[in-house]
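Asker: The sequence and its predicted three-dimensional model are supplied below.
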Amino acid sequence: MDMSSSSPVITDPAAISPPLLGGMSSNLMPFSVMSGGYSGPSMSVSVSRRQIEEVIVNGLLDAMKSSSPRKKHNLAFDQDNSPDDDPAYSAWMSKCPSALNSFKQIVANAQGRKIAVFLDYDGTLSPIVDDPDKAFMSPAMRGAVRNVAKYFPTAIVSGRSRKKVFDFVKLKELYYAGSHGMDIVTSVANSEHGTEKLHPLNTTDQCKEANLFQPACEFLPMIDEVTRTLVEVTSGIEGATVENNKFCVSVHYRNVADKDWKTVAELVKEVLEAFPRLKVTNGRMVLEVRPVIDWDKGKAVEFLLQSLGLDEPENVIPIYIGDDRTDEDAFKVLRQRNCGYGILVSQVPKETEAFYSLRDPSEVRLMTLLPCDGVPQFPGEMEETLATMKKMKGEDGNLFLVLA
Ligand SMILES: O=P(O)(O)OC[C@H]1O[C@H](O[C@H]2O[C@H](CO)[C@@H](O)[C@H](O)[C@H]2O)[C@H](O)[C@@H](O)[C@@H]1O
């Protein structure tokens, strides 16, 4: 798809309207292009289409490079440095403190209010692994989430398809929002929390079904088509894989050699030129192609709170735990509503709208084991319990304490 030979010279920003830019999310556009290059009608700089494409691909590439920062490696000991050794991480923690260390305060603020729990899946409940099909959550984590759901309405909000994330989590008592919140089911009266309860297995995958909320329903054929095209064009790139998540598609480059990342960016950009109603955002070493609709994980959280009858900010404390950029939309909503807490899972400092942080899924599990209902699940002072638990990490990085 080399368009350079026939490309005209462009001097008018309107001339680069969709499809060339329509498929690129604004958060992937390099700032200099938006602010400097095409800032107004008086601009007279001539820019070739090729140069514009180069800038777009480079913007995408920069986003790809920064999408999943690696922990610093300590060459002397051939091991990753702990965040404890990193002054930048410690400085960041003063802005985004550990949710574990702030747990007493969180519980104190929640007194007399209902808690609703929202959990991202990859990187939050399961460790990040090379093969997306093997991102299993540990039985211990499953037990912890099951326990949380006994006390609080609990939802999984994932970029995966709803079916796939359910297959990993396997807990019928939870609510599930798949495809970055574009696939939600609310159904079946449930007495436990006095709300509607989702039963993912009792539903079919048809948009017309009354208990399904699928705001991107009309995009299904387009997503299938773009998936096929992406599979085809990336087939020659070693390590690249394409995952159909029903209302969005993931192009994984975690296992692609760095030298080929630019090619991945170029190919995705080229494919999206034919799909101006789709955009691309980036997650942890993944390019996520999704419909250009005003819907995201933040909107999904608002939708779920409303459908579950938990839409009173003064009476409800939503807690959202996630590790990725798409989770920022949910953190933002909680900040704007001035209720609840976003908790970012990260081992490196990141720009975030979250209030608190946790380092990894093992700390997420630790959090779920704490006595949110005021009834301690473990003997002794919470600090002592925490200190002990922190030392008890199993081989998979998850804690192996078993709930009583
Ligand atoms: O919203 P999430 O539940 O966090 O889903 C976001 C993406 O997660 C998965 O990809 C990520 O995890 C993989 C397994 O650990 C890893 O290999 C990949 O590099 C990560 O980006 C999932 O495969 C994607 O489809 C989701 O969009």
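Answerer: Nice, I can see it. Because the structure is a prediction, the values reported are computed rather than measured. Numbers count the residues shown, from 1 in each chain.

Asker: okay, CA-based contacts and neighbour counts for the rest of this
Answerer: Noted.

Asker: For Met137, see how far away the residue of the stretch 251-400 of the chain found nearest the ligand is.
Answerer: In the stretch 251-400 of the chain, the residue that lies nearest the ligand is Arg284 (4.0 Å; Cα to the nearest ligand atom). According to Cα to Cα, to the nearest Å, Arg284 stands 18 Å off from Met137.

Asker: Also Asn245?
Answerer: 19 Å.

Asker: So for those two, which residue has more residues nearby?
Answerer: Neighbours were tallied for Asn245 and for Met137 using other Cα atoms under 10 Å; the higher tally belongs to Asn245 (25 against 20).

Asker: Let me see the backbone angles for the closest residue to the more buried one other than its chain neighbours.
Answerer: Spatially, and ignoring its direct neighbours in sequence, Asn245 is nearest to Ser161 (4.3 Å; Cα to Cα, 6 or more residues apart in numbering). Main-chain torsions, Ser161, degrees, to the nearest 10: phi -70, psi 150.

Asker: Likewise for Asp183?
Answerer: Residue torsions, per degrees, to the nearest 10, at Asp183 are phi -140, psi 90.

Asker: likewise Ala330?
Answerer: Dihedral angles (degrees, to the nearest 10) for Ala330: phi -70, psi -40.

Asker: so it touches Gly298, yeah?
Answerer: Yes. Counting by Cα atoms under 8 Å, Ala330 does reach Gly298; the two are 3.6 Å apart.

Asker: Show me which of these two is the more surrounded one.
Answerer: Higher neighbour count among Ala330 and Gly298: Ala330, with 28 against 22, using other Cα under 10 Å.

Asker: What confidence value was assigned to the residue nearest to Asn245?
Answerer: For Ser161, the pLDDT comes out at 98.

Asker: neighbours around the residue of the stretch 1-150 of the chain found nearest the ligand, how many?
Answerer: In the stretch 1-150 of the chain, no residue comes nearer to the ligand than Ile128, which is 3.2 Å away by Cα to the nearest ligand atom. By the measure other Cα under 10 Å, the count of residues near Ile128 is 17.

Asker: Can you give me the distance of it to Pro291?
Answerer: In terms of Cα to Cα, Ile128 sits 25 Å off from Pro291.

Asker: Let me see the contact set for Met93.
Answerer: Pro349, Ser357 (Cα atoms under 8 Å, 6 or more residues apart in numbering).

Asker: tell me which element it is part of?
Answerer: Taking DSSP states H and E as the criterion, Met93 maps to helix 87-95.

Asker: Average pLDDT for that helix, rounded please.
Answerer: Helix 87-95 comes out at a mean pLDDT of 91.

Asker: now stretch 169-187
Answerer: 91.

Asker: quick one: low-confidence parts of the stretch 1-150 of the chain?
Answerer: Low-confidence segments of the stretch 1-150 of the chain (pLDDT under 70): 1-49, 51-52, 67-84.

Asker: Verify the stated contact: the residue nearest to Asn245 with Gly178.
Answerer: Yes. Under the criterion of Cα under 8 Å, Ser161 makes contact with Gly178 at 4.8 Å.

Asker: coming back round to it: could you check the distance from the residue of the stretch 251-400 of the chain closest to the ligand over to Phe303?
Answerer: 26 Å.

Asker: Neighbour count for the two, which is higher?
Answerer: Arg284 (21 against 17).

Asker: Just want the phi and psi numbers for that one.
Answerer: Taking degrees, to the nearest 10, you get phi -80, psi 100 for the backbone angles of Arg284.

Asker: And the pLDDT for it?
Answerer: So Arg284 comes in at 95 (pLDDT).

Asker: Of Ser161 and Gly178, give the one with the bigger neighbour count.
Answerer: In this view Ser161 and Gly178 are compared by other Cα under 10 Å, and Gly178 has more residues nearby, 29 against 24.

Asker: show me what contacts the more buried one?
Answerer: Per Cα under 8 Å, 6+ apart, neighbours of Gly178: Ile156, Val157, Ser158, Gly159, Arg160, Ser161, Arg162, Lys163, Val165, Ile184.

Asker: likewise Asn109?
Answerer: Applying Cα under 8 Å, 6+ apart, no residues qualify as near Asn109.

Asker: what helix or strand is it on?
Answerer: Going by DSSP H and E, Asn109 is in helix 103-110.

Asker: Now do the same contact list for Tyr320.
Answerer: Contacts of Tyr320 by Cα under 8 Å, 6+ apart are Val117, Phe118, Leu119, Asp120, Ala330, Phe331, Tyr341, Gly342, Ile343.

Asker: Mind checking which of these land in strands?
Answerer: Mapping the contacts of Tyr320 onto strands (DSSP state E) picks out Val117, Phe118, Leu119, Tyr341, Gly342, Ile343.

Asker: And the pLDDT for the closest residue in space to Leu125 that isn't next to it in sequence?
Answerer: In space, Leu125 comes closest to Pro361 once its chain neighbours are excluded; the distance is 5.5 Å by Cα to Cα, 6+ apart. Listed pLDDT for Pro361 reads 95.
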